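A.B. asks: Next comes the sequence, and after it the predicted model I'd like to discuss.
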Amino acid sequence: MNTQYFVILRQILSYSLLGVLFLGGLGLSASVSAAVRGSGGAASSGDSGVNVATVGRVKFMLGKAYVEARAQSREALRVGSVLWEGDRITTGTNGHVHIQFEDDAFVSVRPNSRLEIVKYDFNAERPELSSVKFNLQDGVARAISGKAAKSAREQFRLNTPIAAIGVRGTDFVVSATDTTVRALVNEGIIVMAPFSAECSADGFGPCGANAVELAGQSMQILEQDGIAALPRLLPAPVNGEGSVLSGEAAIVSADAAATEGVGKTAKGETFREVVELSNATAGTGDIVVASAPTTPTTTTPPATVPQSPAVPDFTPTEPVTAAVSTQQLVWGRYAATANPQDLMTLSFAEASANRKVTVGNLETGLFRDETSLKRLEKGLG
């Protein structure tokens, strides 16, 4: 009896020790991962122990955003955080993240968005052998192609829940939900196609089946819903001078009057994203993005409207005091007392003396002298 008791106790202690070592190992792995992510070094995969090279770095941030790697806990992002293949970026209601990749590509993740770096294999010596794939699970993102996408266009893909997007050296914005995808192009060309037997989410590059192209500066939006067989082109609604809006995505030419996140494209051209923090804080996620440089506008003074000449006012300021007996036409009132503001009517007794009502209403009437010879005879008009 005692022997069995000690055997069971030893087994319990052994399992407890293994549990402590296992949990401690997870904690140590997470701590090492956080330290490596902040330092910019290579990380090791929790499943295979293979080193994963850094593919990008956070260059600009607003609000709260997080990253979740394979088999690891979620970590808060900050400026300088490094990113690896397989990372999933999530932004809060006021979160906005700019990522610069190893090939000088830029990706901007807007509030309330989820973006996964599925694959980012950039071959610096032979860029045409590179391959890149993103998965925008929800929200809005802007992508500016780097050396990999420009050199290996058939190996770049941005997946959404219902459609695939390929590029032709492009700067574009995508808004994705489970049922709708919209895209707007600033520069270059994109190709959008719904997932099908001929267009698999596992593939790379633009799909050929049921695909539609959209070029930059076309003032159009490319939209795919979960019902249509292929994307459709819609006119981009204009909101104010020089601005084009597309639902959640907005690309405008405007002054950099708000907070700016500045990056460099592969050509060294500066692009600017102006973030309206009031909208982001309110949780709308409707952030305005501006492309610089902007064209200065000339303010034209308003035209001077000529003033019309003053019309004389014939309303009397004092009650009418002319001799009533000499007036052929007078205004009379039926009320016993006059309104304080009524300066033109006579009492009914005065107005009706030797006169008859010609026209009027329930309050006043126009009385005409029936004894005067200076009047038109009946039947002449």
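C.D. replies: Good, I have the coordinates.

A.B. asks: going forward, measure contacts and count neighbours with C-alpha atoms only.
C.D. replies: OK.

A.B. asks: Spell out the residue ranges of the strands in the stretch 1-150 of the chain.
C.D. replies: 43-44, 51-52, 54-62, 65-68, 74-76, 82-84, 88-91, 96-101, 106-109, 114-121, 131-144 (DSSP state E, counting those that start in this stretch).

A.B. asks: okay if I get those strands as a markdown table plus mean neighbour count?
C.D. replies: Listed next are those as a markdown table, based on neighbours: other Cα atoms under 10 Å:
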| stretch | mean neighbour count |
| --- | --- |
| strand 43-44 | 18 |
| strand 51-52 | 14 |
| strand 54-62 | 20 |
| strand 65-68 | 20 |
| strand 74-76 | 15 |
| strand 82-84 | 26 |
| strand 88-91 | 24 |
| strand 96-101 | 25 |
| strand 106-109 | 24 |
| strand 114-121 | 21 |
| strand 131-144 | 22 |
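
A.B. asks: In CSV: these, plus distance to G205 and mean pLDDT.
C.D. replies: Formatted as CSV, the strands of the stretch 1-150 of the chain follow (distance: least, Cα to Cα, whole Å; pLDDT from 0 to 100):
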stretch, distance to G205, mean pLDDT
strand 43-44, 28, 50
strand 51-52, 23, 58
strand 54-62, 19, 95
strand 65-68, 26, 96
strand 74-76, 30, 93
strand 82-84, 21, 95
strand 88-91, 21, 97
strand 96-101, 19, 97
strand 106-109, 18, 96
strand 114-121, 13, 97
strand 131-144, 9, 96
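
A.B. asks: Make a markdown table out of those and add distance to A197.
C.D. replies: Putting the strands of the stretch 1-150 of the chain into a markdown table (distance: least, Cα to Cα, whole Å) gives the following:
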| stretch | distance to A197 |
| --- | --- |
| strand 43-44 | 35 |
| strand 51-52 | 32 |
| strand 54-62 | 31 |
| strand 65-68 | 31 |
| strand 74-76 | 35 |
| strand 82-84 | 30 |
| strand 88-91 | 27 |
| strand 96-101 | 32 |
| strand 106-109 | 29 |
| strand 114-121 | 21 |
| strand 131-144 | 19 |
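
A.B. asks: closest to L184 out of the ones you listed?
C.D. replies: Taking Cα to Cα, strand 131-144 is the member of the strands of the stretch 1-150 of the chain nearest to L184, at 9.5 Å.

A.B. asks: what about the stretch 251-381 of the chain, any weak spots by pLDDT?
C.D. replies: Regions of the stretch 251-381 of the chain meeting the criterion pLDDT under 70 cover residues 251-325, 341, 372-381.

A.B. asks: Tell me how this protein divides into domains.
C.D. replies: For the chain, automatic domain parsing gives the domain ranges 39-290, 324-369.

A.B. asks: Pick the most buried one from the ones you listed.
C.D. replies: Compared across these, domain 39-290 shows the largest average neighbour count, a mean of 19 (mean count of other Cα atoms under 10 Å).

A.B. asks: With just CA atoms, put stretch 169-185 into PDB.
C.D. replies: Taking Å, rounded to 0.1, in the frame of the first residue of the first chain, the C-alpha atoms of stretch 169-185 are listed here in PDB:
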ATOM      1  CA  GLY A 169       4.600  48.000 -60.700                       C
ATOM      2  CA  THR A 170       2.000  49.800 -58.600                       C
ATOM      3  CA  ASP A 171       0.900  52.100 -55.800                       C
ATOM      4  CA  PHE A 172      -2.600  51.100 -54.800                       C
ATOM      5  CA  VAL A 173      -5.100  51.000 -51.900                       C
ATOM      6  CA  VAL A 174      -7.300  48.000 -51.100                       C
ATOM      7  CA  SER A 175     -10.300  47.900 -48.700                       C
ATOM      8  CA  ALA A 176     -11.500  44.300 -47.900                       C
ATOM      9  CA  THR A 177     -14.300  42.700 -46.000                       C
ATOM     10  CA  ASP A 178     -15.700  39.100 -46.100                       C
ATOM     11  CA  THR A 179     -18.100  40.100 -48.800                       C
ATOM     12  CA  THR A 180     -16.600  43.100 -50.700                       C
ATOM     13  CA  VAL A 181     -13.200  44.200 -52.000                       C
ATOM     14  CA  ARG A 182     -12.500  47.700 -53.500                       C
ATOM     15  CA  ALA A 183      -9.300  49.000 -54.900                       C
ATOM     16  CA  LEU A 184      -8.000  52.300 -56.100                       C
ATOM     17  CA  VAL A 185      -4.800  52.800 -58.100                       C
END
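
A.B. asks: Many thanks, we can stop here.
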